[in-house]
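Enquirer: One predicted model, sequence on top.
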Amino acid sequence: MTDRLDGPQDPRGDLARGSSPGPHDASPASGGASPAPGGASGATRPAGDDGEVHPALSDVRSEDPRAPAAAPEVATAGPAAPGAAPAPARRSRLGPPPTMATLFLLPSLVLLGAMVLYPIGYSVYRSLYGANEKTFVGLDNYAAIFTDSSTLTTIRNNLIWVVVAPLLVTVIGLIFAVLTERIRWATAFKLIVFMPMAVSLLASGVIFRLVYEQDPDRGVANAVISSVSGVFGGGQGYPDARPRGGDQSPVAAEGRAVVSRQPARPGQPVLLPLVGVKPADLASAAPAKAAQPAPGELTGTVWVDFTQGGGGRTNQVDGTEKGLAGMTVEAVQDGAVRAEATTEADGTFRFTGLAPGDYVVRLPQSNFEAAFNGLSWLGPTLITPAIIGAFIWVWAGFAMVLIAAGLSAIPRDALEAARIDGATEWQVFRLITVPLLSPVLLVVLVTMIINTLKVFDLVFVIAPGSVQPNANVIALEMWRVSFGGGGNQGLGSALAIFLLILVLPFMILNIRRFRRDNQ
Amino acid sequence: MTAPTLGAPPRSALGRIVDRVGGGVLQVLLVLIGVFWLIPTLGLFVVSIREEAANNSSGWWTVFTKPAELTLSSYSSLLASGFTSSFWNTVLIALPSTILVIGIAAMAAYAFAWMEFPGRDALFLVVVALLVVPIQIALIPIAKLYGALGIFGSIPGVVLFHVAFGLPFAIFLLRNFFAGIPASLLEAARMDGAGEWKIFSTVVFPLAKPAVASLGIFQFLWVWNDLLVALVFANTENQPMTKALQSQMRQFGTNVDILAPGAFLSLIIPLILFFAFQRYFVQGMMAGSVK
């Protein structure tokens, strides 16, 4: 059952994905630019040349000694090994008349013609008209794409997607593939990481809406961050606490810190009353207690000087008033911090072993910094990185499985030879493994580039309505202006054509590769 | 991958480094990554079987200390809300789309692989070119066409769209497989006087079962998971699960009790298919990534 994720895999279909580089191609671009050997085009080839029917993909490997050896099967696991199959030469002798072929092709041709080819033509035509399909606007819709600030945002976002996401997916896939190479339970790991590919992008979107909930008590992403930042001492957080206004208060604000007005001496309790703390923050707070004087110790109380329901005395610790736990308190003398203490649940604190003298008691700024309330993943700033995170979750398994297949096809002797020559492991990886993998890495990269160009569902589902303008991408904007209330199918058609133009290089790459492989 | 044997050369450079650092660290690391990958889906599942009030007040992970909060009420209220009809719409869209693509593409692939006709190579290049065409290009023209034909919003319209856009990849995949079938088999059948249809249906197609299985699984899941086509071409009455759920996304916070069980139900079938036919699934998905 699980052999496929486990065993050596041929990363087949690379031609379909439009990228597998040829023997000497450093990049898909150079691959696309190099002329097809032989120059003969498939279209003009004599009908008798039956070399065509060789599956393109296994040929790619066989002509490249450096490329990972081709696994026996190309597109499918099956009895036939297309690469080894003899060209069905001379079959035309017994072959059927061309009219027969027409019958077999007819349904496909009708559907492809009516629903794929004709729409391309119609979209070009429609893109020259405005929202009203009778108004000819020339190239105005295309001009609008590059001048309107909202479409420029979508192009910028798509650019971020295309640059960042494919690279991350490929690198993560490579790391996973290498790490799982020697693990016994690699199949289980691969199953888990590959699983998101079976799930609809809509369900993935719902899943990540839950992950990215801002409240650390609900969203798992922020829960993890807050527990980590809690470990490393994040702000305790009474962001709204402040001294009572007016001159009667024994404390005063000093910047964002709070200091005692009167000099404090050991043996003399200090009162540090604050107000403005939200009742919600005090739900679990204990009643405050006045600190007991102790010889040689500087003691005091930090509390909320506010009796709920009224009746409390100002600047006195009354029975029901709440202590502020966990406040950092500093004893300052001549501008230098001499000692530091933390308040108990009842708001009391004590400094022991202070030299006699006058001190200023200070509640430093850190007490008044907000506690971690969660990153707003779904806010305007982080939304695109957040969705790219979900994209990686979906696609890393694909990259991993493909790269692992390539990895298992690397000839061992090449690696061993390098080691015998004294190469370090890192050198072997960087100078031999990665170059030998480069055809597969490019397949993954190009597949992801095509995917990110067309990304729609994840953005549409994860970005909340109010943030969608910030997260917008071309495919989503195309839908929005055409069907989602934009009401401008002229602009929508122009956006669709724009998208087609963006994938055109990969289409050309496909055709070139296919023709070369079938020479 | 062959089972590691004693003295076998390390499989890669990093593999050897990893050996030196210690397999234990690696194992722990991979377990952590695996857990990390599972947590989002696990979260969706737990949210879907937790009381609504509990979901509103605390994180789903607290359920492990309070299992009393578990309930199936979200599922029963979801089913009572008419979600089942969108489930059946999904089935009614996905099954015919898959069967039609296989049938129509197999015929074309047979012609491309084993028949002679003028312009065959050029035509096949067109198919190769169409592999990467974004479906956005067809949304507006086909919506207009369907309007004229009177099938806009209907299930046949959605199916037809999926079939058309599934064809290039299906033809490409099947043609490559068909071409690998030994010519002698076909020659023998022709000698026996079998017609083209008979050769196709009794010799070639049965031999291509693995390819057909990959294609079928891939196409089925592609259609099952589609949102965009349904969004444009299916009306509310004929909408599949993805569109039904999407319409609830606007009030995500208050609709979690519908969205979580709905999303989970929608991914149950793909997950079952994934684990049952993993071999074909991986093949189809990888080969189909071109979309």
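Expert: Cool, got the structure.
Enquirer: and the stretch 151-300 of chain A, which residues reach chain B?
Expert: Counting by C-beta under 8 Å from any C-beta of the partner chain, the stretch 151-300 of chain A comes close to chain B at A:176, A:178-183, A:186, A:188-189, A:191-203, A:205-211, A:217-220, A:223. Every residue, glycine included, has its C-beta placed from N, CA and C.
Enquirer: Kindly recompute the last result at 7 Å.
Expert: Residues of the stretch 151-300 of chain A found near chain B (C-beta under 7 Å from any C-beta of the partner chain) are A:178-183, A:189, A:192-193, A:195, A:197-203, A:206-211, A:217-218, A:220, A:223.
Enquirer: For ChimeraX, what selects the buried ones among these?
Expert: Here the buried members of those are turned into a ChimeraX selection, burial being counted by 16 or more other C-beta atoms under 10 Å in any protein chain shown:
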select /A:178,179,180,181,182,183,189,192,193,195,197,198,199,200,201,202,203,206,207,208,209,210,211,218,220,223
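Enquirer: Helices - which of the residues of the stretch 151-300 of chain A next to chain B land there?
Expert: Judged by DSSP state H, the subset of those located in helices is A:178-180, A:189, A:192-193, A:201-203, A:206-211, A:220, A:223.
Enquirer: quick one: the helices in the stretch 51-200 of chain B?
Expert: Along the stretch 51-200 of chain B, counting by DSSP state H, counting those that start in this stretch, helices occupy B:52-57, B:73-80, B:83-114, B:120-130, B:136-149, B:155-179, B:183-191, B:196-199.
Enquirer: could these go into JSON lines alongside mean neighbour count, mean pLDDT and distance to chain A?
Expert: Below are the helices of the stretch 51-200 of chain B laid out as JSON lines (neighbours: other C-beta atoms under 10 Å in any protein chain shown; pLDDT from 0 to 100; distance: least, C-beta to the nearest C-beta, whole Å):
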{"stretch": "helix B:52-57", "mean neighbour count": "15", "mean pLDDT": "78", "distance to chain A": "8"}
{"stretch": "helix B:73-80", "mean neighbour count": "16", "mean pLDDT": "85", "distance to chain A": "13"}
{"stretch": "helix B:83-114", "mean neighbour count": "22", "mean pLDDT": "95", "distance to chain A": "4"}
{"stretch": "helix B:120-130", "mean neighbour count": "20", "mean pLDDT": "92", "distance to chain A": "4"}
{"stretch": "helix B:136-149", "mean neighbour count": "20", "mean pLDDT": "95", "distance to chain A": "4"}
{"stretch": "helix B:155-179", "mean neighbour count": "26", "mean pLDDT": "94", "distance to chain A": "4"}
{"stretch": "helix B:183-191", "mean neighbour count": "16", "mean pLDDT": "88", "distance to chain A": "3"}
{"stretch": "helix B:196-199", "mean neighbour count": "18", "mean pLDDT": "90", "distance to chain A": "5"}
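Enquirer: Now render these as JSON lines, adding distance to A:Arg430.
Expert: Listed next are the helices of the stretch 51-200 of chain B as JSON lines, based on distance: least, C-beta to C-beta, whole Å:
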{"stretch": "helix B:52-57", "distance to A:Arg430": "48"}
{"stretch": "helix B:73-80", "distance to A:Arg430": "51"}
{"stretch": "helix B:83-114", "distance to A:Arg430": "42"}
{"stretch": "helix B:120-130", "distance to A:Arg430": "35"}
{"stretch": "helix B:136-149", "distance to A:Arg430": "40"}
{"stretch": "helix B:155-179", "distance to A:Arg430": "34"}
{"stretch": "helix B:183-191", "distance to A:Arg430": "45"}
{"stretch": "helix B:196-199", "distance to A:Arg430": "52"}
